[in-house]
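Undergrad: The following block contains a protein sequence and its predicted model.
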Amino acid sequence: MKKFGPKFFAMGAALAVTFLFSSVPKVYPQDDPLPGTYVGILSFDNGVKDLIGGSHFFRLDPEFIALDPEFIVKNRETGDPILTALNNYADSRTTDDNAALFYAAHKAMADLKKAEADSVFPSEVDLVYLVTITDSYDSASAPNIRGNNTWTDFHQTLRPTPINTRNEDEYSVFINKKLRETTIKGKQIEAFSLGLRPAWPNQLEFIATGREYVKYGSLDDLIKNLGGITDEINSVNDKMTLTAVFTPPFDGTRFRFKINESNYIDGTVISIQDECYLTDIKSVPESLYEPDSYIKKSIREGNAVSFDFTVNGVFRDGQPGTVSRITPTGMPVAVENTQLYVHKKSILERKSIVVYFLLDNSKSMENMKIVIRDALIQNINSLKVGTNNP
């Protein structure tokens, strides 16, 4: 029995800012699987069940996924593996109140490694997400781990030691260590655990790759957190090219391009003969900008010079920003008669991600599974990666 325990052009003569949008198509190996979104779904109670079959993963085809959160409800006979899997999860009935929580994460890692070895995924993968939804604490991993005597389905690096199979505490530490170490196509797994009360938060940390990936609360909180994960996945494809035009002199002055309180880029401007350089470029957060060693632009239109740099993120259209000069003491001082405007337009590069959902199927989840199914449908439908849908 499961035990219950106790988330522009800039205005003025000095600066003009515009956002330009472009995408450079990639060339993929001839025999490489198509880029896109690869989704897998496991359910777990006393044991673990793959709901997709085959390689455990299915590539989303934009033509299969309607931009309609009720698509699965209207098309129960479609045969699409993901839709079928989610329906099977929502419709299943169980009297089992145990949860093999850690073992499900272990099996998911093994499935990911096997799919990698079998070339199920493209050679270039941008993100690998593991998302566990549960209201349980682990009460069934020990029989599963001790009952597996062959480990033929597990990658060699994922096979536990004898002590891991005998000691549940050791096994949970082993799982967390492997989650942090295991890579798929060179990308580390980002494991989220979404806990519904009365799940134990300390156990949720063992199946997450950081405390910031543990979300705990009500069913409404869970739905909101699922949306946050989808937004994060989609945000990697929202790129903008910022063009800033200034008037010299540029003698090693450091400037700050501030989009909002949380997002800005710093760079030092120098001029050599007829060329200007933006150097020592840093951003907050680091993910906002993928640093180049420098950016060079020619001086033009008198003494004006422009710099182009691409940033990652989703910003409110028309949002005002600022440009500041950074003093030797590190204090930013606003540059007069300048203003920074954000003009947002999403572009979708052709990227690939892998998302593996682990869904608690124990008895206590019975009344929540339809809501969870529909939330998953809505979020899967809205994944932009690998599609041409804006």
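TA: Thanks, I have it.
Undergrad: Show me how far the helix or strand Leu226 falls within is from its chain's centre.
TA: According to DSSP states H and E, Leu226 maps onto helix 219-235. From the chain centre to the centre of helix 219-235 is a distance of 10 Å (Cα atoms, centre = their mean, to the nearest Å).
Undergrad: Over to stretch 85-97?
TA: Stretch 85-97 has its C-alpha centroid displaced from the chain centroid by 27 Å (Cα atoms, centre = their mean).
Undergrad: Next, the distance between the ends of that stretch.
TA: Stretch 85-97 has an end-to-end distance of 21 Å (Cα to Cα, to the nearest Å).
Undergrad: which residues touch that stretch?
TA: 1-2, 41, 43, 45-46, 51-52, 72, 76, 359, 361-364, 366, 369-370, 372-373, 376-377 (Cβ atoms under 8 Å, 6 or more residues apart in numbering). In this view, the C-beta of every residue, glycine as well, is placed from N, C-alpha and C.
Undergrad: and what of stretch 116-123?
TA: 28-29, 32-36, 38, 55, 57, 115, 155, 184-185, 352, 354.
Undergrad: same thing but at 6 Å, please
TA: 32-33, 35, 38, 55, 57, 184-185, 352 (Cβ atoms under 6 Å, 6 or more residues apart in numbering).
Undergrad: What is the nearest of the residues you listed to Leu204?
TA: Nearest to Leu204 among the contacts of stretch 116-123, counting by Cβ to Cβ, is Ile184 at 22.0 Å.
Undergrad: Pretty sure Leu127 is one of the things the closest one touches, is it not?
TA: No. Checked against Cβ atoms under 6 Å, the pair Ile184 and Leu127 is beyond contact range at 9.7 Å.
Undergrad: biggest separation within the contacts of stretch 116-123, which pair?
TA: Maximum distance among the contacts of stretch 116-123 (Cβ to Cβ): 16.4 Å, for Pro35 and Ser55.
Undergrad: which one of these two has more residues nearby?
TA: Using other Cβ atoms under 10 Å, the more surrounded residue of Pro35 and Ser55 is Pro35, with 22 against 17.
Undergrad: what does the model give the more buried one for pLDDT?
TA: Looking at Pro35, its pLDDT reads 85.
Undergrad: Give the other helices and strands that the helix holding Leu226 contacts.
TA: Applying 3 or more Cβ pairs under 6 Å, 6 or more residues apart in numbering; DSSP states H and E, one finds that helix 219-235 contacts strand 187-196, helix 369-381.
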